[in-house]
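Asks: quick one, structure for this:
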Amino acid sequence: LLMPTMNELNKEIAKDNKELKDDLKQTMKDAKELKKDLEKMQDKLMDKNNLSWDDKKNLQENIDKQKSMQEQLQEMKQKMDQNFEKQNEFKDVSESIKEKQKNLQELFDKVMDEEMKKLYDKLEKMLEQLQKKDALDKMEDMQANNEKLEKELDRMLELFKKLELEQKMEETIQKLDKLA
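Replies: Below you'll find the predicted structure:
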């Protein structure tokens, strides 16, 4: 097993960081879109007495999109965990950075909570029974959760940017120390 050079490692970590940031931004965009879709659908359903087959299909699509977003978040968390492991294994990482890494990991766990998954399941069951009022209530819950998700993703992105900046500063300090 070859040990990567510090330069190779820094390049790899920078690439991983960029991918993670891009993924976070994309997921935020998806969450916003989904929130808009849910709002439109909610408005449309308010005027109806019953859910049509199309309404049911649209709602199911939204639930599927939401689930897919949760899976994306799961993959991002795994990438991030691997990235942090790599950094902690090969680099001298300060306590401050370790603390920020831990905060980011906790945020990810918070965003991917069981409550959200239970909500989708309830919504899917209601879809089968075509209960309009309950579906509307659950859509409202989903919207609220999406808003929370959006805010958390934004916080995660900001935290990640700060972490990245601090890592670059530490690397520069270490390089300067070696030159001194």
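
Asks: what residues sit buried inside stretch 154-161?
Replies: Met156, Leu157, Phe160 (16 or more other Cβ atoms under 10 Å). (Glycine included, C-beta is placed from N, CA and C.)

Asks: in helices, which of those appear?
Replies: Met156, Leu157, Phe160 (DSSP state H).

Asks: now the closest residue to Met46 other than its chain neighbours: how far from Asn62?
Replies: Spatial nearest neighbour of Met46, excluding adjacent residues (Cβ to Cβ, 6 or more residues apart in numbering): Leu136 at 7.2 Å. Distance of Leu136 to Asn62, computed by Cβ to Cβ, to the nearest Å: 13 Å.

Asks: now Asp177
Replies: For Asp177, the distance to Asn62 - Cβ to Cβ - is 53 Å.

Asks: neighbour count winner among those two?
Replies: A side-by-side neighbour count of Asp177 and Asn62, using other Cβ atoms under 10 Å, places Asn62 first with 18 against 8.

Asks: next one: phi and psi at that one?
Replies: phi -60, psi -40 (degrees, to the nearest 10).

Asks: one more: Val93?
Replies: Torsion angles, degrees, to the nearest 10, at Val93: phi -100, psi 130.

Asks: what sits against the closest residue to it other than its chain neighbours?
Replies: Leaving out its chain neighbours, the residue that sits closest to Val93 by Cβ to Cβ, 6+ apart is Gln87, at 5.7 Å. Counting by Cβ atoms under 8 Å, 6 or more residues apart in numbering, Gln87 touches Ile13, Val93, Ile97, Gln101, Gln167.

Asks: how near is Gln87 to Glu170?
Replies: Gln87 is 10 Å from Glu170, where distance means Cβ to Cβ.

Asks: any common contacting residues for these two?
Replies: Common neighbours of Gln87 and Glu170 (Cβ under 8 Å, 6+ apart) are Val93, Ile97.
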